[in-house]
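Q: need a 3D model of the following:
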Amino acid sequence: MCLQLAAGQLVVSETLSPTHGLEPDIDYLEIAEPRQLLAVLRAAVAFPRAYERVRVRGRRKAEAFRASHVYPRLAADLLHDLRVFGTERAAAA
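A: Predicted coordinates:
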């Protein structure tokens, strides 16, 4: 689901447990029964801009997750590698 959100796609899902910080009908569309899924999909096809705000908000939530969880881990790994292995660059004079 996070991959689809990050790609900026409209996500339709059953109730999430746990929600991982995602808000139903704000970050993604939540459905409770099969008939509801069909109605949401028909509306999304007929009126693609109707759910634009949900799609954009879902993408922003995925970007915030990446910025707060993924990037700090990458930076920590980079700094650790530099401490352990050093660098081939000559020190600036």
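Q: and the strands in the chain, which stretches?
A: In the chain, the strands defined using DSSP state E lie at 12-13, 29-30.
Q: in a markdown table, list these along with mean neighbour count, distance to residue 70 and mean pLDDT.
A: C-beta coordinates here come from the backbone N, C-alpha and C atoms, glycine included. As requested, these are exported to a markdown table (neighbours: other CB atoms under 10 Å; distance: least, CB to CB, whole Å; pLDDT from 0 to 100):
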| stretch | mean neighbour count | distance to residue 70 | mean pLDDT |
| --- | --- | --- | --- |
| strand 12-13 | 16 | 22 | 92 |
| strand 29-30 | 20 | 25 | 92 |
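Q: a markdown table please, covering the ones you listed and showing distance to residue 81.
A: As requested, the strands of the chain are exported to a markdown table (distance: least, CB to CB, whole Å):
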| stretch | distance to residue 81 |
| --- | --- |
| strand 12-13 | 38 |
| strand 29-30 | 42 |
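Q: quick one, which of those strands gets closest to residue 77.
A: Of all these, strand 12-13 sits nearest to residue 77, with 31.5 Å by CB to CB.
Q: give the pairing partners of the closest one; include direction for each.
A: strand 29-30 (parallel) (DSSP bridges).
Q: distance from the chain centre to the strand it pairs with, please.
A: Its chain's C-alpha centre and that of strand 29-30 lie 15 Å apart, by CA atoms, centre = their mean, to the nearest Å.
Q: about what we covered before: which one, of the strands of the chain, ends up nearest to residue 88?
A: When those are ranked by distance to residue 88, counting by CB to CB, first place goes to strand 12-13 at 47.4 Å.
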